[in-house]
Every structure is written in structure tokens, then in C-alpha cells.
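Participant: Have a look at this fold, sequence not included:
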């Protein structure tokens, strides 16, 4: 069990949870560390595969150049969209203050 | 004290002049009512999917061609990060297989800056920070408008070949001219359709290793760009000189206090977790796309400058002339008035004079000058060249021509610029000689510079109507007689 | 096990035909459906939303068209159920998640539009594992769905609600989505037909994404013919989906009864050791049935198919981790407030997502993260290539392949949900076709000793739906009575 715990430590869980904006309490962090480690270990076979000269498949389809004409299409009604917003002010979406700059 | 070299790379984001957004049919327009150009796709609603705008690809290829890039098969990738102006909390961009690579841009002075890549990506929405000083760190909350989300961008990344703030400015100016000339963008920095970030570092002169670079953002004008680079270079040199290191960071240019500030450091650097966009298929620049990209594109600014230079001097080497006319040629092309000059020259006008007049006099009213009839302009130039009109008079007639069109000869008459007849001119010359015997004696004795004084006297007496060249010729003739 | 066969609606084509001719009113068909829903929904919980008024209006509209001499379409008056991850304009679409509770899409999914244009009558939105992640529907934030064959057992997942609705005779046709088996496995556990088409054959526009390169919409029905008709109606190119194939809908019904004479069928050996005895036995029996009908049946080893499960459980979560980022409390859905946006995002997602969704987001984020991309996501996409190549090789010798649909019959509630890996193993036999983008169908073929349904799976190469459904029809004809729904619990 200690081997699989090493695959994803609680610290790694916290790091990934931060990247993914998931608030977890300490119990959850501990539980997920164990579960995620077990999962990754179970699927470790993939990591050890010999894939030299094997290209990745991002897509099952061999299609290219799917494009559309530069023609305007009616937009959504703003009121309908803002009605679904958790918080709106005037004609814009409202969010709590943003701590960092956009990258 | 060590001598330092400045190393600059520029990242320029340019909004494409398409009718609709990159991945949906919403209108691509600046300054409209917030959240009126939105749909499930650009709002990133659950279940929505992107479909690439053909015109955006054509314009991106056009930009690549104009920058001498190689167009290649490309993929879109997702750049994952959270921010409220990002509807999907990932940006569809291009990563290691971008559409345009390995190009270069030639500056008016003949130097070249390498272009690493020019790739496609979607723009984000706009956030407005409310409360505090309107700056993000003091805001109480923020409001988001998604009109801009999904607008097509091309990001042009230069190689770190730029060596001064002035050169950086020239690069952006030329790049903008190219973008406008190709029709790919309207290049308005003040509207945000052209955005510049600078990567700045310094190193001891003749060193071959790069110093630590800082990214400088919030450069809203060419002047800011230049000032910010100068500031940043000085800041970095000062750090190094006092034995400290330059920290690799992103800095924000503050126009008001004229300095760059490090942004609040985040807990960790962004890990964008790029992976190929599974909702899109690869883009291959086929014959149809490439020919559509090339269609309707005229010669680029560098080519047009060369053409004008050749007309003016007989030489087509850029940068071989160091006098003001090189700058004038650049100005004329930048104003979009080179075609006018070419056609006026075809109609018999002196090209060097045409360039000078356009660069100096038409600049103030460049838009109207585009409608100036080249034949009329040529006629005016001939009037000035032959001495029929003085420089001053010619400029007045030109202004009138630009303002309301017409026939230059008639305008000259209307303005009272009838040619002074040669006998009146002659008698005026004689009067001045008579009233200034001392100066006349010195002139005849070989002091050529004195003719300026004598000339000035004739100009004053004639109230500017006399033609300076003819007057000077008259004095010279009398001396030689 | 006390489930009894139920009368059902009869063939979908016949319902539509009767409604179009005026012989039967759409309203009366709808009323049969709604009666059945009223009777059993309390027990089974197939639906998150039942749209009674809309359905009445739609049925009446169909009947009006018929009276006016206008043809309402190939699915005229057919009541259908839609998995609650398919966008339906103005109707709550929740993905069985708290984070989307009450969200009203402003648009219909393309597949939904096509159903409506064909005269179908949507009856409601069915329950699923949250964001389609799961194999039992126990991961729904709104409570599980029960299997009509045995209400102490799961209906399978993630499209458990749609499968159970058809299996219980509430509707003759339902739609689900399949990313790793989420149509086929519940079809098998509920004794009905479930089809995953070739990737790109049915538009994903309006399908709330789980794993973009794997997701497909597909039908549940009590017969192969009904499922084939449904596919013909909703498939075909959609310009709103860049991954949609530029082809019209496939023609399937015409050749359905052509039989299997001379067709080469390969029974994939590699899954058999890992499935339960009844599942293994049913595949063997299915092979014999096809041989008796004239097919050439042989065993085939495709060991690469076993790479499917580990590759999938890196690729699917990776794509999902990105697809689910948009649920951030800013524009729609749940918001849990915070002093700043970042905290608001984290609290919203922490409270809005269930445990399985969070697990997959984290695995996916990890697999894509700096330093791990090549070893995990990169490798998995290469393993995917190996699976595709192995199938290509097999299809040089065989026309179709035969496998178990899933390793076991319906299992009791709570027996796997606490062990994620146990649950993931349910997808063993279904995942490879998603990775390859190939079509696959589950056909009810047997009952276990406990009387629980067992399906068998037919696989075909890309765009091989016509052949695949032909084989499925043959199996259906050869299956003993009592193996398929609808049933009354």
C-alpha cells in the first residue's frame, strides 16, 4: 500500500486540486490520494508500453479542413442568457473580485 | 562600467477583420452593447462545439505569407486555465504545430527581425473591475462582457532579434502597416485590435548567452512601448550592476508613474496542460485556401517603399540613402499615398518633389489626399518645378486641391499666384541691387551666401509672389554679366 | 427475481405508421406512456424531469398535422425519453449533477431537433451517472435508477435511466450516450438493444461533453429494427459539429433481414477469461446460433484490446478534466460564493461535483500536467493507435466480431460503488470500440440462472453499421423467448 501511495501523495492531490479549482478538505485529500494512486497503479501498464514509432491518435477520424463560411448568424437573446447567470449587474455577468492577472 | 546589450522579443496579438468570430457565426465587432454578440459556442455553453471560420484561416495564411513564413499543416490545442473572461476556462489556440512558422520582417532601414511563428487563437471576453481605482487588485468585484470572446486572433511572435526600443517601435509600426496593407486587420492599438507584449532582457555586450527576461504587458501605444522598454532596460542594468539578479517575471507597465511593476506572484506558475483540441480536425493549407489567401493582396509596404525609392533615386537598395527622403518615402507609403505619387510621376510630375510634398503637406489630411487626382497633382508639380509657382504657393494650391479638388492653374489664379512676369521680376531685382550696394558688392566679390539676403529682399518686396529660383537665377545672371 | 413480461408498445415503425395514417392518435400513445410512467416511476426513478405538458402539446401537434394532411415524420407520435445530458431548449438539463441543477439550455441538441422534426414526442429527461461517468447510475446526484428486472440491482450506467425506461415499457425508444459503454452495458443489464454508432455518424452538438473524442449518442429499443430506424432518423452530417462525418444517415432497415450466410464472425477470446460464466456462455451460444444461420464463426485473439481499459482511463478523464472546467459558477448553474473568484470557483466545484467526477477530473488533470503528459496522456494515445491497428488487422479476416457486452449481469446496489476500479472493469469489453471510433451493438441473448438479462456485443469496422445490425437481427431471431424487455418489476 505504501508503494501506491507514493504514486500520488496528498501534496500532489492538493496541487492537482488547485489546478482544477476543486476545494477539498483534509479527509478528502487523504482519501483521494489513496484512490487515485490505486487507479494509476492499476493502469500503469500503459506507461510501460513500448510505443517507439507508434504515433498518437488524437482522433479516430481521418478528416481535415472542416470550415464554415464567414456569415453572420443571429445571436442569443441577452436577457435569456443573463437570466441563467448566478449573478448579473446591468447587462454583464458579475463575479467576485479577481485576485490574479490573466496569463 | 560594463556595456550592455538589449535583447527584445515582441509578441503581437492582432484581431482579424472577419465578419464573424473564429468558431461561431456571431458578429465580430468592437464597441457594441455588452453581451449582444453571444451564442452557445462563444459562451461555452454545455454541449456547444466550435467550427472554424474559413475567412479567418485565409487571413492568417495571408499574414504568414506577408511575413515570409512557411505555411504548414496545423492543429488546434486547448490551453487550460481558469479566468472569468474565459467561457470554457480553456482557450482554443495553437501549440507545437502552428499554421505559420519561420518567417521574417524587413524594417525600413533594411534590417530584418525573425518571426518564429504566427498562429491562430480565440480572444477572451472583457472584464471591468469595479470599486477601488478600477485596477484589478483594488476591485470589489468585476463585470464580464463576452462580445469579444471568440474573436479570431493571430499571435505573431518575433525572435529575440530586436536590439533597442527604437527598433521595437519600428518593428511594430512596420508590422502594423503590413497587417493593414493585407487587409487582415485594422491594426488599432487604441481599440485593442493590435496588442503588444515585450520580452526584455539585457546581457553584457558581446556575450552570446541570453540574460533573464521579463515580460512587459499593458503597452497601449507605440510611445508606451518605447518608454517601457527604456525603463525596463535601465531597471535590469541597475539590478545587475548592484550585484543582484533579474527575476524572471511578468511586469505591468504603468503609464501614470512611468515604470513597470511586478504582478502579484501566484502560488505557482501556470501549467496550461496543452493537448490537441478533440472537437476540431487538422487544418491543411490546401490550394483553395492558399489562393483565397493571396487573392486581392497588393504589394506590401517594403515592396512599395522600394518602388518609390527607385522612382525617386534610381536606386532600389533600401537604406542606402541617409537623407530625409528615405524617411519621406516611408511616410508616404505609411499614409497609403504611394500610388498617388507613382501615378503623378507617370503623368510627368517630379517624383522627388511629389514625395516631399505628400510627406509634409498631405499628411495632415491623408484620407482626403487619397482622392487627389494624380493628373492634377502632376500639373501642380510641373508648375512648381518650372518656377511658375514658389514652394510656398505650391503648398497652398496643394492644400486647396486636397480640400476641394479642381484645376491647379485655376486655383493659382484664384489665390492670386499669377506668375510674376519676367520684366517685373527684373525691375524688382534691379531695385534691390540699387538699395543694397554694399551687399551687391560683396556678392559680386564672391560671397555667394549674400544672395540669400538679396533674395529675401525681393521676396519681401513681392510679398512672396516671386519665385525664389528665378530670382536667384536673375542675380546670378547679373553677376556674371 | 419477480419481473414479469410486459406488453409494451409494439414496433416503433408500426406506431408511426398507424399515427401517420390517422388510425392511432399520438395522444393515445402518449397516454399509454404516461400511465406506465405514473405506475412505475416512483419505484424505478428513471426520470429527472417528466415533461407532461410539453409532451401533450407535441402529441396534439402531430395529430393536427395528420388531420391537415401533412406528414409528421418517420417517428410520428412515438414517445421517447432523452438522457439528461442532451440539451433540450427551455427544459432542465442537469447531467444528474448539482452543478447544473435547474439549468435551462437556450437550444436543442441537433439529435433532439431531428427527433422532433420526425414527429417523436419527448416525454422527459432520464437519470444518469453524473456527467456520464459511471456504470451503474449510482453516481447520480439525484438518487439511483432501479433495474426493472430486479429493483435491488442497478440498471447499469451511465445511461441507466433511459435503459430502464425502455425496459419497463414506459417508452418504446430512448436515447443515451456512450463514451466507454454507457449505452451498451445498461442495455445488456436491462435486456434491451443498445447501439453506439461509428464516431461522427451522429452529431455531438448539444451533447454535453464528457470525453470529446469518444462520446456518441445512440438509441435504446426493445428490438434491433426499432433501434435501426432511430439511427436512420437522427444520424447524418451536421455542420455544427466539426467531428461529424460528411455523409448522410446510413441505410440500415433495408438489409436488416438479409441474414448472415457466409459472413465471417470472430469471437474475441481475450475478454472471455475475465467475464462471469453466464456472460461467457452466452457468447459461445451466440456464436453457435450464427453458425447455424450460415455464418463462418471462429475464435480470434486480439490481445491489444486489453490495452483499452487503461488507455481509456487516462484519455477520457483527461478530456473530461478540460470539458468540465467551464462549470465555474460564473455564467450558469450552481454558484457557492467566496471572497474572490478563484475561491468561488473552487467552492462551487467542490460542492457541485460528486466524488467520481472529482476523481476523474483529478486523474485527467494529472495525466495532462507538466512532466506527466508524455508518460500518461501521450502514452495512452499511442496505446489507442495499437488498439486501432489490431482491429484493422482483425477486420482483414473477419466481417464482424462477437464479444460479451460486459463482464457481469446487473449487480446489487452498493456492491461496486465504493471501489472505483471494480466499477471501471464493467467497461472492459465495450471500451475498445470507443477508442477505435467503431460501431457496436448489444443484443439481449440469454438470461442468467437468476433470470437476469445477458446481452452479447457485435462489433464492426467504421461505418459497418448495416452489416452489424444485420448480424444483431439474426441473433435476436435466434435468442430464446423471455430474454428481453419490457418487464414489470
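Facilitator: Ah, there it is. These numbers were taken from a predicted model, which means no experiment stands behind them.

Participant: where does the residue in chain A sticking out farthest from the centre land in three-state SS?
Facilitator: Distance from the C-alpha centroid of chain A, by Cα atoms, centre = their mean, peaks at residue A:71 (32.1 Å). Assigned state for residue A:71: coil (three-state reduction, DSSP: H, G, I helix; E, B strand; the rest coil).

Participant: got any ranges where chain A has weak pLDDT?
Facilitator: Scanning chain A for pLDDT under 70 picks out the ranges A:1-6.

Participant: tell me the helices in it, going along the chain?
Facilitator: A:2-7, A:10-19, A:26-42, A:78-83 (DSSP state H).

Participant: Now do the buried residues in the second one.
Facilitator: The reference is to helix A:10-19. A:10, A:12, A:13, A:14, A:15, A:16, A:17, A:18, A:19 (16 or more other Cβ atoms under 10 Å in any protein chain shown). In this view, the C-beta of every residue, glycine as well, is placed from N, C-alpha and C.

Participant: Same question for the last one.
Facilitator: Going by neighbour count (16+ other Cβ under 10 Å), the buried part of helix A:78-83 is A:78, A:81, A:82.

Participant: restrict those residues to contacts with chain B.
Facilitator: A:78, A:81, A:82 (Cβ under 8 Å from any Cβ of the partner chain).

Participant: Return the closest of the buried residues of helix A:78-83 with respect to chain C.
Facilitator: For the buried residues of helix A:78-83, the residue nearest chain C by Cβ to the nearest Cβ is residue A:81; the value is 6.7 Å.

Participant: what's the burial count for the residue of the stretch 151-300 of chain C found nearest chain A?
Facilitator: With Cβ to the nearest Cβ as the measure, residue C:242 is the residue of the stretch 151-300 of chain C nearest to chain A, at 4.3 Å. Neighbourhood size, residue C:242 [other Cβ atoms under 10 Å in any protein chain shown]: 25.

Participant: One more: residue B:434?
Facilitator: With other Cβ under 10 Å as criterion, residue B:434 counts 9.

Participant: can you tell me the helix or strand for it?
Facilitator: helix B:422-435 (DSSP states H and E).

Participant: buried sites along that helix?
Facilitator: Buried residues in helix B:422-435 (16+ other Cβ under 10 Å): B:425, B:428, B:429, B:432, B:433.

Participant: my guess is the second one meets residue B:462, correct?
Facilitator: Yes: Residue B:428 sits in contact with residue B:462 when judged by Cβ atoms under 8 Å, with a separation of 6.1 Å.

Participant: quick one: contacts for residue 97?
Facilitator: Since you didn't name a chain, this refers to chain A. B:129, B:131, B:136, B:139, B:140, B:141, B:142, C:339, C:340, C:341 (Cβ atoms under 8 Å, 6 or more residues apart in numbering or on different chains).

Participant: That was the other one, I meant chain C.
Facilitator: C:130, C:131, C:141, C:352, C:353, C:354, C:357.

Participant: got it, and residue C:218?
Facilitator: Taking Cβ under 8 Å, 6+ apart, one finds C:175, C:176, C:177, C:178, C:183, C:194, C:195, C:196, C:197, C:202, C:231 in contact with residue C:218.

Participant: so which of the helices of chain A comes closest to residue C:98?
Facilitator: Residue C:98 lies closest to helix A:26-42 among those, at 16.1 Å (Cβ to Cβ).

Participant: right, is that closest one up against chain C?
Facilitator: Yes: judged by Cβ under 8 Å from any Cβ, helix A:26-42 comes into contact with chain C at A:32, A:35, A:36, A:38, A:39, A:40, A:42.

Participant: what packs against that helix?
Facilitator: Applying 3 or more Cβ pairs under 8 Å, 6 or more residues apart in numbering or on different chains; DSSP states H and E, one finds that helix A:26-42 contacts helix A:2-7, helix A:10-19, helix C:355-368, helix C:420-424.

Participant: which strands and helices sit next to the shortest one?
Facilitator: Here helix C:420-424 is seen to pack against helix A:26-42 when contacts are counted using 3+ Cβ pairs under 8 Å, 6+ apart.

Participant: Of all the residues in the helix it packs on, which ones are buried?
Facilitator: Of the residues in helix A:26-42, those buried (16+ other Cβ under 10 Å) are A:28-29, A:31-33, A:35-42.

Participant: now swap in stretch B:451-458 and tell me
Facilitator: For stretch B:451-458, burial by neighbour count (16+ other Cβ under 10 Å) applies to B:451, B:454, B:455, B:457, B:458.

Participant: that's a helix at the last one, yeah?
Facilitator: Yes: Residue B:458 sits within a helix when classified using three-state DSSP.

Participant: and the longest helix for chain B?
Facilitator: helix B:222-241.

Participant: Can you give me the buried ones in it?
Facilitator: Per 16+ other Cβ under 10 Å, helix B:222-241 contains these buried residues: B:222, B:224-233, B:235-237, B:240.

Participant: before we move on, what about stretch C:293-311?
Facilitator: Those buried within stretch C:293-311 under the rule 16+ other Cβ under 10 Å are C:293, C:295, C:297, C:300, C:302, C:304, C:305, C:307, C:308, C:309, C:310, C:311.

Participant: how about TSV for those residues, with pLDDT and secondary structure added?
Facilitator: Compiled in TSV, the buried residues of stretch C:293-311 are given as follows (pLDDT from 0 to 100; DSSP: H, G, I helix; E, B strand; the rest coil):
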residue	pLDDT	secondary structure
C:293	97	coil
C:295	98	coil
C:297	98	strand
C:300	98	strand
C:302	98	coil
C:304	96	helix
C:305	96	helix
C:307	94	helix
C:308	95	helix
C:309	94	helix
C:310	93	helix
C:311	95	helix
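
Participant: Tell me which two of those residues sit farthest apart.
Facilitator: Going by Cβ to Cβ, the pair spanning the buried residues of stretch C:293-311 furthest: C:293 and C:310, at 36.2 Å.
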